[in-house]
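In: Below: sequence and its predicted model.
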Amino acid sequence: MLIAVGSLAAIGVTLGTLLGVAARYLAVEENPLEAELLALLPGSQCGQCGFVGCAQYAKALAQGEAAVTQCAPGGKAVTEKLARKLGVTADLSGHEDKAPEVAFIDEAFCIGCLRCTQECSTDAIVGASKQMHTVIPDLCHGCAKCFKICPTEAISMRPIPVTLGTWHWDKPGAPAPATALH
Amino acid sequence: MKLFPVRGGVHPDYRKERTAECAIEAMPMPARLCIPLQQHIGAPAEPLVAEGERVRKGQTLAHSQGALSAPVHAPTSGRIAAITEITAPHPSALPLLTIVLESDGLDEWADLPPPIPDPLSAPPEAIRARVAEAGIVGMGGATFPSAVKLGLGTNHKLDVLVLNGAECEPYLTCDDRVMREHADEVIDGARIMAHALGAPRIVVAIESNKPQALEAMARAASAFADTDVVGVPVQYPMGSERHLTQAVTGRETPARKLTADVGVVVHNVGTARAVHHAVRFGRPLLSRVVTVSGGAIAHAKNVDVPLGTMVSELMAFCGGLAAPVQRLVNGGPMMGQPLPTPEVPVIKGTCGILALVPSETNEHRTEPCIRCGSCVTYCPCGLVPVEMAAFIRKDDLDAAARIGVMDCVSCGSCSYVCPSHIPLVHYFNYAKGSLNAQDRDRRKQSRIKEQAQVHTERIEKQAQAKREAAAAAAAARKAQQQTETNADDRASA
């Protein structure tokens, strides 16, 4: 009896010490979930979620302090991915389902004020002071910050056009309702 | 020559009799041609001409843009009426930038580049440059720029060029007629291509249901020891480049690799003929042979059509419609794509125009899957269509990709044999398109991430430089003050 209690206690103490030491020395410094969430986010640091950048939003998401619907450029696709990763149901009711967009500058209205270029976090807008600006569509991720800041409303958000290279067949229509087999 | 078995495949009713004995007829030059700037895989061509300009036959109208592209040329002389958007000859019916050419009826040639003297000893780059300049693309329907495909010899060790004369699609006989009527041109083109590729051997593979083509090609090739003509079994989809490679060489192309990775390059017979014209005479690709058939066409024919001719005019040339059309198809009935309207131009990849009547289409109500496994038996790629379709129906595209949906060649054998008429190949086309779109998005995303990183670093560096400059200025000011105070001190002292 005493031997049993003693040996179990000894095992308990040893393992407990081991665990304590391991928790101290083998600790993972950041939440691995954060890194996984960060990989799902656009990474363009636009800040429209209300956090400084994507990493901060990912941290808040991992701690359950932010909703999965806050990423503007990511849209529905990113929201769904985040919800799946976190195992929560995303409330997409208030979410406007729109196709991916890129900014477009109407050169007739551009006054070359450079405000949009300073706003853009991916250097997708080129232009110089008092010169017309233009958007490089391949680098624009549609965060719409330039659209909001433009003083002359020269910037519009346009859906990315479908070309012969990007078009593909839609999913076949729902198959005929299954008839019960008797 | 020993042949190797190919798994799966179907034997559809070939229905080639209607046009097989129709010699190629030249279509009279239409008054108006619509020449799209994108008739190939890759970037659209960039216009070189302006509205109102007069052009001559063979003149470059738009030049290629980027590494994967092809130029387009004027099929006749005339005036550029407009550069505008018209409906693409594509199921999407998307608008496509097009040069509209009004013929002046003179058919006057422009100055063509000189023929390459003795092409079989010319440097391969010169042949590739000529093929690129002539705007030649894969004429079997894939429309991949041929010059790029002829460059595969530079980074792959190739031992055989397979010339694809299988023409396994029902109805189509255009390649058959080209081989029967222009065998010498095809063989010469193939020899030039093999030289450009650095392939020591040529195998012309023709389905054995075309005995006249086999005979004509064998006669044309008899003078050359390195060129074999073989009759391959009649089995759809024998004309798929992977399956033809396997039948001829016994080598199976690994998933997501090219046939060039197993030492084989496959080109269509029509492409070889176009190469012959470009290299021997400097003539760019201005027309192609199209099979016009199907139950609704009054007089089915093989027609040499100037590129840019409207499908409606081509059908009128073939006697118009004898019956209402259930479906207008661009290409063969198995892999061809529906055309939204006959008001679209014939382009480089149009090998057939089929106006099908209801008895020729396979439109039925989809019934539930009875799990008969026919699609698995007949899939020539060794895939499991029933399972892939089930995953796709449940929107689990990643699971479908794991069991190989990206290796599907869209031959349509599964849809053809399905007793429940499940549109299996439609599911796979959707899944492949959607997965490719996801892949494009991912690539764009990672580029944007990199760009954002660079941006942040630059902003930080600028801020740092500003801080340093400010600190330096402050230090300088302080030093200045110091000297001034010192001077004042000395002055007051």
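Out: Now that the structure is in, tell me what you want to look at. Residues are numbered from 1 along each chain as shown, chains lettered A, B, ... in the order given.
In: Only C-alpha atoms from now on, for both contacts and neighbour counts.
Out: OK.
In: for the nearest residue to residue B:273 once chain neighbours are set aside, what are its contacts?
Out: Nearest non-adjacent residue to residue B:273, counting by Cα to Cα, 6 or more residues apart in numbering or on different chains: residue B:186, 4.6 Å away. Applying Cα atoms under 8 Å, 6 or more residues apart in numbering or on different chains, we find residue B:186 in contact with B:179, B:269-270, B:272-273, B:276.
In: ok, residue B:186 to residue B:176 distance?
Out: The span separating residue B:186 from residue B:176 equals 12 Å under the rule Cα to Cα, to the nearest Å.
In: try residue A:101
Out: Distance, residue A:101 to residue B:176, using Cα to Cα: 48 Å.
In: likewise residue B:272?
Out: In terms of Cα to Cα, residue B:272 sits 14 Å off from residue B:176.
In: Also residue B:430?
Out: Relative to residue B:176, and taking Cα to Cα, residue B:430 is found at 32 Å.
In: Residue 60 - nearest residue in space that isn't next to it in sequence?
Out: If you meant another chain, say so; for now it's chain A. Nearest residue to residue A:60, sequence neighbours excluded (Cα to Cα, 6+ apart): residue A:66, at 5.5 Å.
In: actually chain B
Out: residue B:73 (4.4 Å).
In: before we move on, what about residue A:171?
Out: residue B:430 (5.5 Å).
In: So for chain A, the centremost residue is which one?
Out: residue A:41 (2.6 Å; Cα atoms, centre = their mean).
In: That residue and residue A:74 touch, don't they?
Out: Yes. In this structure, residue A:41 is within contact of residue A:74 by Cα atoms under 8 Å, at 6.9 Å.
In: Pull up the residues of chain A that are close to chain B.
Out: A:42-45, A:121-123, A:138-141, A:163-172, A:175-176, A:178-179 (Cα under 8 Å from any Cα of the partner chain).
In: Between residue A:41 and residue A:74, which contacts overlap?
Out: By Cα under 8 Å, 6+ apart, no residue touches both residue A:41 and residue A:74.
In: that older thread, now the residue nearest to residue A:60, what's its secondary structure?
Out: Following DSSP: H, G, I helix; E, B strand; the rest coil, the label given to residue A:66 is coil.
In: tell me, how many neighbours does it end up with?
Out: Counted by other Cα atoms under 10 Å in any protein chain shown, the residues lying close to residue A:66 total 16.
In: is it true that it touches residue A:57?
Out: Yes. Between residue A:66 and residue A:57 there is a contact under Cα under 8 Å: 7.4 Å.
In: can you give me the strands for chain A?
Out: A:101-105, A:125-126, A:134-135, A:155-159 (DSSP state E).
In: Out of the ones you listed, which gets nearest to residue B:480?
Out: When those are compared by Cα to Cα, strand A:125-126 sits nearest residue B:480, at 41.1 Å.
In: tell me what that closest one is packed against?
Out: The elements that strand A:125-126 packs onto, with contact taken as 3 or more Cα pairs under 8 Å, 6 or more residues apart in numbering or on different chains; DSSP states H and E, are helix A:115-119, strand A:134-135.
In: Mind putting these into JSON lines with distance to residue B:390?
Out: JSON lines is the format used below for these (distance: least, Cα to Cα, whole Å):
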{"stretch": "helix A:115-119", "distance to residue B:390": "46"}
{"stretch": "strand A:134-135", "distance to residue B:390": "42"}
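In: Need those in CSV (columns: mean neighbour count).
Out: Converted to CSV, the helices and strands packed on strand A:125-126 look like this (neighbours: other Cα atoms under 10 Å in any protein chain shown):
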stretch, mean neighbour count
helix A:115-119, 18
strand A:134-135, 19
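In: JSON lines for the ones you listed, including distance to residue B:125 and mean pLDDT?
Out: Output for these, formatted as JSON lines (distance: least, Cα to Cα, whole Å; pLDDT from 0 to 100):
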{"stretch": "helix A:115-119", "distance to residue B:125": "44", "mean pLDDT": "90"}
{"stretch": "strand A:134-135", "distance to residue B:125": "37", "mean pLDDT": "92"}
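In: out of those, which comes closest to residue B:154?
Out: Nearest of the helices and strands packed on strand A:125-126 to residue B:154, taken as Cα to Cα: strand A:134-135 at 37.6 Å.
In: Pull the residues that contact the closest one.
Out: For strand A:134-135, contacts defined as Cα under 8 Å, 6+ apart pick out A:103-105, A:107, A:124-127.
In: Weed out the non-buried ones from these.
Out: Among the contacts of strand A:134-135, those buried by neighbour count (16 or more other Cα atoms under 10 Å in any protein chain shown) are A:103-105, A:124-125.
In: where does the chain dip in pLDDT?
Out: Here I'm looking at chain A. Counting by pLDDT under 70, chain A has low-confidence residues at A:92-98, A:174-182.
In: The intended chain is chain B.
Out: For chain B, the ranges with pLDDT under 70 are B:493.
In: Quick one: classify residue B:377 as helix, strand or coil.
Out: Classification of residue B:377 by three-state DSSP places it in helix.
In: So it versus chain A, what's the distance?
Out: Residue B:377 sits 23 Å away from chain A, going by Cα to the nearest Cα, to the nearest Å.
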